[in-house]
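[1] Provided below for reference: sequence and predicted model.
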Amino acid sequence: MASDQATTPPPPPPPEIQSHDLPKVIVLHPPPVFNYFKDLFSKKFHLLKAWESPLPRHEFLTNHAHSVQAMLCSGTGPPISADILRLLPSLRLVVTTSAGLNHIDLTECRNRGISIANAGEVFSEDVADLAVGLLIDVFRKISASDRYVRHGLWATKGDYPLGSKLGGKRIGIVGLGSIGFQVAKRLEAFGCNISYNSRKRKDFVSYPFYTNVCELAANSDVLIICCGLTEQTRHMINREVLLALGKEGVIVNIGRGAIIHEKELVQCLVQGEIGGAGLDVFENEPDVPKELFELDNVVLAPHMAVFTTESFKDLCDLMIGNLEAFFSKKPLLSLVMNE
Ligand SMILES: O=CC(=O)O
């Protein structure tokens, strides 16, 4: 027995999978999800990381022009412009870790037959939670009163000024997609009255529908911006809409900064023409207009509505699932556009 064991050679170790044997995915800029789960991606895909290459971006792209079929991007990296897409003639799929698509040249993708997969509804509940959180913060002055306590003003100046009640407020939701619907559900539970504006009336809700955003504002105490940024929605919330919302009106934006005309919003807030704002997104992130720092009726967040551990893990599974489906010629899990 003993001698048999000595002469039987051990089984060969399983062949190491080299990263260059894995399907290639080009990434121009690290998406936020890489800060937590990059290894999960690099175990499955050969990531071509433009930001780690000493080559200028166009040269890096040109070097991989004919071998790369899939790209991973996010809303925080460089725009996926027609110029970038043209440097990658073999590209067939763009997967974005965002729900929004405003950083991708959709026309070029459509013309080239490049499919797009996004974060789908992975983040909707978290984004809706933050929208409600920002609104409660503006009404009940949570952040401002936190500063009051920390600066020792409670002891010297006494009770904090009154806030506003959330229940009973008329909420105008701009964009009743999956995020807008989650916001509506939450605020209904707080006893608010919901109305909305959207590209189309939604049959699955009985909330009053306004085709005109200005009319919605005029009939609301609060506007919550939940739509995507497109050429139609850029600067849709301008001075006219804000004045219709009125002196006590509050605006919350968890969509994209440029849906609001930011200069006009700042002016209305500084001049007391609207009542307050809760903002997670800005026109030129990470720049935030300095005038807002002085205002206690404004609550600011650094575009973090989607930042929860739970959603990032779900996002990671969805992104990997989309890439695996693509490479094994199966239907994408969160396809947003094809042809
Ligand atoms: O802003 C975040 C997203 O679009 O997912």
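    Now that the structure is in, tell me what you want to look at. Numbering: from 1, shown residues only.

[2] tell me the domain ranges of this structure?
    24-119+309-328, 123-300 (the TED database).

[3] Run through who's touching stretch 312-321.
    Counting contacts by Cβ atoms under 8 Å, 6 or more residues apart in numbering, the residues outside stretch 312-321 that touch it are 32-33, 36-37, 40-41, 44, 72, 95, 97, 117, 119-120, 122-123, 306, 333-334. Placement of C-beta: from N, CA and C, glycine included.

[4] Please list the residues of the stretch 201-339 of the chain that sit near the ligand.
    By the criterion of Cβ under 6 Å from any ligand atom, the positions of the stretch 201-339 of the chain lying close to the ligand are Val306.

[5] so for stretch 199-210, what's the average pLDDT?
    Stretch 199-210 shows a mean pLDDT of 97.

[6] returning to what we had before: can I get the domains of the chain in TSV with mean neighbour count?
    As requested, these are arranged in TSV below (neighbours: other Cβ atoms under 10 Å):
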stretch	mean neighbour count
domain 24-119+309-328	18
domain 123-300	18
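
[7] Quick one: closest of these to Pro9.
    domain 24-119+309-328 (29.7 Å; Cβ to Cβ).

[8] Quick one: end-to-end distance for the closest one.
    Across domain 24-119+309-328, the terminal residues are separated by 13 Å (Cα to Cα, to the nearest Å).

[9] gap between it and the chain center?
    On the basis of Cα atoms, centre = their mean, to the nearest Å, domain 24-119+309-328 sits 16 Å off its chain's mean C-alpha point.

[10] and what of stretch 160-178?
    So, by Cα atoms, centre = their mean, the centroid of stretch 160-178 is 21 Å from its chain's centroid.

[11] near the ligand at all, that stretch?
    No. Against the ligand, stretch 160-178 shows no contacts by Cβ under 6 Å from any ligand atom, the least distance being 11.3 Å.

[12] Send me that stretch as CSV with only the CA atoms.
    Backbone C-alpha positions of stretch 160-178 (Å, rounded to 0.1, in the frame of the first residue of the first chain) are rendered in CSV as follows:
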residue,chain,number,x,y,z
TYR,A,160,-35.0,76.3,17.9
PRO,A,161,-37.5,78.0,15.5
LEU,A,162,-40.5,76.0,14.3
GLY,A,163,-40.4,73.7,11.3
SER,A,164,-43.2,72.6,9.0
LYS,A,165,-45.4,69.5,9.2
LEU,A,166,-44.9,66.9,6.4
GLY,A,167,-48.4,65.3,6.6
GLY,A,168,-51.0,67.0,4.5
LYS,A,169,-48.5,68.6,2.1
ARG,A,170,-49.3,68.6,-1.7
ILE,A,171,-46.4,66.8,-3.3
GLY,A,172,-45.7,67.2,-7.1
ILE,A,173,-43.6,64.4,-8.4
VAL,A,174,-41.8,65.2,-11.7
GLY,A,175,-41.2,61.8,-13.4
LEU,A,176,-43.2,58.9,-12.2
GLY,A,177,-40.8,56.1,-13.1
SER,A,178,-39.6,53.5,-10.7
